[in-house]
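1. Next one to model:
(one chain, ligands or ions: 2)
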Amino acid sequence: MARRLLRGRVLSFVSEPQGLDDTDSYRYWDDGEVEIEDGKIVSVGPFDGTQHADTEIIDHRGKLILPGLIDPHIHFPQMQVIGSYAANLLEWLNTYTFVEEQRFAEEAHATRIASRFFDEMIRHGTTTAAAYCSVHPQSVDAFFGEAAKRDMLMVGGKVMMDRNAPEALRDTPQSGYDDSKALIGKWHGKGRAHYAITPRFAITSTPEQMEMAEALAREFPDLHIQTHVDENLDEIVFAKELFPNLPDYLGIYERYHLLGPKTLLGHCIHMTHREVEILAETRSVAVWCPTSNLFIGSGLFDHDRLHAHGVRMGVATDVGGGSSYSMLRTLDEGYKVLQLRGQRLNPLRSFYMMTLGNARAMSLDDRIGAVEAGKDADLVVLDARATPQMALRMEAVGSLANELFLLQTCGDDRAVVETYVAGKPMKSALAG
Ligand code: GUN
Ligand code: ZN
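-> Ligands and ions are numbered 1, 2, ... in the order given. Model prediction:
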């Protein structure tokens, strides 16, 4: 395959920014180039105009070229749930989500929605996500099948749920185990697919099912595990009733040995001191979902508390509890959550979090999250002048950090000029 060279303003983090003036935390080339071959980045640096004769040059001058954005918590069967009116999490789940997810028993529906899902990922500049599928194995086939067509690096799994949900959405401890195992064999490691063991949350799994999730985790220790914890106060009371004699909600996952460096725990809002310590000790990842937490009214994530305890963190959309596919919109809401808490989230840290930070949170930073030679060529091109009002505002923006902050505050999919997946321009190829 011929080489491709992207020319533009290249920005990539190398470490977690310690403050707005931490210029050591990133590399930036104002007139830079990213050379791509066979889906990989082969070189990055200042544009020098000495490329091979057969290299295709794509001119993104003036625009920012970053690693593709990463979303470590999203529900692909909830595309038609976004914006559902409910008082709280459990009402939202029972009234809308558990009804909608039943439609994924039908393969044609699952395939149609999966196709639309990846279109939205690409439209919003997200190149990798960790997704919950529905309880139906065919939803996982649709998910990874459509991801493979686009060569996208995706993490996903069938939710295991055997109680407190409609009959049509329940598996059993044995079938949840068998189906998950078959799906692991079918998909994990095929192309860019990574299977995640996915007990939905403690409320929808019996102790017997948790034991089966534990058995899977023991058999497949390299896999991701994804679940929810401490999102809503009523949810916490209910979970503790279902698993008595354990110290707290996180203690349920601890009891079944489901915590560890590849465990992604959605929400982590209402946490006891012990839970925070267990998160840190096990190197499990707290995944912050600001648009969802605001929309459902679940609570305000305590970023600084977890950070001070050394807890690993990611930040995600949680569509369809979350209200936007955009990681820019997500970090904008995250910023506001922390403002309300009296905490600061500077724009360097925001952009670190949606790229290298989330890659690290997902233990995928050997492949993605940075614009570096040897990494997969998953990239996003952003334009801080994407709309008339942003262009006007940009006239008064004098620094890279302020440009990033404007992108976060006012940007959405319109600011995504192009999304490259394994070196291929994908957004411009979308229909409509
Ligand atoms: N807890 C268990 N399932 C879900 C879900 O689908 N969305 C959210 N936000 N929380 C959950
Ligand atoms: Zn979720």
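
2. What is the burial count for the residue in the stretch 251-400 of the chain positioned nearest to ligand 1?
-> Closest contact between the stretch 251-400 of the chain and ligand 1, by Cβ to the nearest ligand atom, is at Gly321 (3.2 Å). Where you see a C-beta, it was placed from the backbone N, CA and C, and this is true even at glycine. For Gly321, the neighbour count with other Cβ atoms under 10 Å is 30.

3. what's the pLDDT at whatever residue of the stretch 151-300 of the chain ends up closest to ligand 2?
-> Closest approach between the stretch 151-300 of the chain and ligand 2, counting by Cβ to the ion: Gly266, at 4.5 Å. Gly266 carries a pLDDT value of 98.

4. one step back: the residue of the stretch 251-400 of the chain closest to ligand 1 contacts Gly297, correct?
-> No: applying Cβ atoms under 8 Å, one finds Gly321 not in contact with Gly297, separated by 10.5 Å.

5. tell me, what's touching the two both at once?
-> Here Gly321 and Gly297 have no joint contacts, going by Cβ atoms under 8 Å, 6 or more residues apart in numbering.

6. For stretch 242-261, buried residues please.
-> Buried residues in stretch 242-261, counted by 16 or more other Cβ atoms under 10 Å: 242-243, 246, 248-259.

7. Name the residues of this structure found near ligand 1, please.
-> Within the chain, the positions near ligand 1 by Cβ under 6 Å from any ligand atom are His75, Leu89, Leu93, Thr97, Arg200, Phe201, His228, Glu231, Ser292, Asp318, Gly321.

8. how about the residues of the chain near ligand 2?
-> Gly266, Asp318 (Cβ under 5 Å from the ion).

9. Recalculate using a threshold of 8 Å.
-> Neighbours of ligand 2 within the chain, by Cβ under 8 Å from the ion: 73-75, 132, 228, 231, 266-267, 289, 292, 318, 321-322.

10. Show the contacting residues for Thr172.
-> Contacts of Thr172 by Cβ under 8 Å, 6+ apart are Asp162, Gln209.

11. hmm, 7 Å instead?
-> By Cβ atoms under 7 Å, 6 or more residues apart in numbering, the contact list for Thr172 reads Asp162.

12. how about stretch 289-303 as CSV, C-alpha atoms only?
-> Below are the C-alpha coordinates for stretch 289-303, written out as CSV (Å, rounded to 0.1, in the frame of the first residue of the first chain):
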residue,chain,number,x,y,z
CYS,A,289,-19.3,9.6,32.7
PRO,A,290,-20.2,13.3,33.1
THR,A,291,-23.0,13.7,30.6
SER,A,292,-24.7,10.6,31.9
ASN,A,293,-24.3,11.5,35.5
LEU,A,294,-25.8,15.0,34.9
PHE,A,295,-28.6,13.8,32.6
ILE,A,296,-29.8,11.0,34.9
GLY,A,297,-29.1,13.1,37.9
SER,A,298,-26.8,10.5,39.5
GLY,A,299,-24.2,12.8,41.1
LEU,A,300,-21.0,14.7,40.7
PHE,A,301,-17.8,12.6,40.2
ASP,A,302,-15.0,13.5,42.7
HIS,A,303,-12.1,13.6,40.4
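
13. in that stretch, what's buried?
-> So, applying 16+ other Cβ under 10 Å, buried residues of stretch 289-303: 289-296, 298-303.

14. between those residues, which is nearest Leu328?
-> Among the buried residues of stretch 289-303, Thr291 lies closest to Leu328 (Cβ to Cβ), at 11.1 Å.

15. Report how many residues lie close to the closest residue in space to the closest one that isn't next to it in sequence.
-> What sits nearest to Thr291 in space, not counting adjacent residues and going by Cβ to Cβ, 6 or more residues apart in numbering, is Gly322, at 4.3 Å. Neighbour count of Gly322, defined by other Cβ under 10 Å: 27.

16. do Ala391 as well
-> The number of residues near Ala391, taken as other Cβ under 10 Å, comes to 12.

17. who's in contact with it?
-> Ala391 touches Arg385, counting by Cβ under 7 Å, 6+ apart.

18. now, which of the buried residues of stretch 289-303 lie within helices?
-> Residues of the buried residues of stretch 289-303 located in helices (DSSP state H): Pro290, Thr291, Ser292, Asn293, Leu294, Phe295, His303.

19. shouldn't the residue of the stretch 251-400 of the chain closest to ligand 1 be in contact with Pro290?
-> No: between Gly321 and Pro290 there is no contact under Cβ atoms under 7 Å: 11.0 Å.

20. The stretch 51-200 of the chain: helices as residue ranges?
-> Under the criterion DSSP state H, counting those that start in this stretch, the stretch 51-200 of the chain contains helices at 89-92, 98-100, 107-123, 137-150, 173-187.

21. Secondary structure element for Val380, which one?
-> Using DSSP states H and E, Val380 maps to strand 379-382.

22. Is it correct that Arg4 is in contact with Ile36?
-> Yes: using Cβ under 7 Å, Arg4 makes contact with Ile36 at a distance of 4.5 Å.

23. For this protein, list the residue farthest from the centre, please.
-> Ala53 (38.1 Å; Cα atoms, centre = their mean).

24. any idea how far Lys424 is from it?
-> 21 Å (Cβ to Cβ, to the nearest Å).

25. Ok, Asp151 next?
-> On the measure of Cβ to Cβ, Asp151 and Lys424 end up 7 Å apart.

26. quick one on the thing from earlier: and for Arg4 and Ile36, which residues touch both?
-> With Cβ under 7 Å, 6+ apart, Arg4 and Ile36 have common neighbours Gly423.

27. Which of the two has more residues huddled nearby?
-> The residue with more neighbours, out of Arg4 and Ile36, is Ile36; 26 against 20, by other Cβ under 10 Å.

28. got the contact list for the helix or strand that contains the more buried one?
-> Per DSSP H and E, Ile36 falls inside strand 26-37. For strand 26-37, contacts defined as Cβ under 7 Å, 6+ apart pick out 1, 3-14, 41-47, 65, 371, 377, 379, 400, 423.
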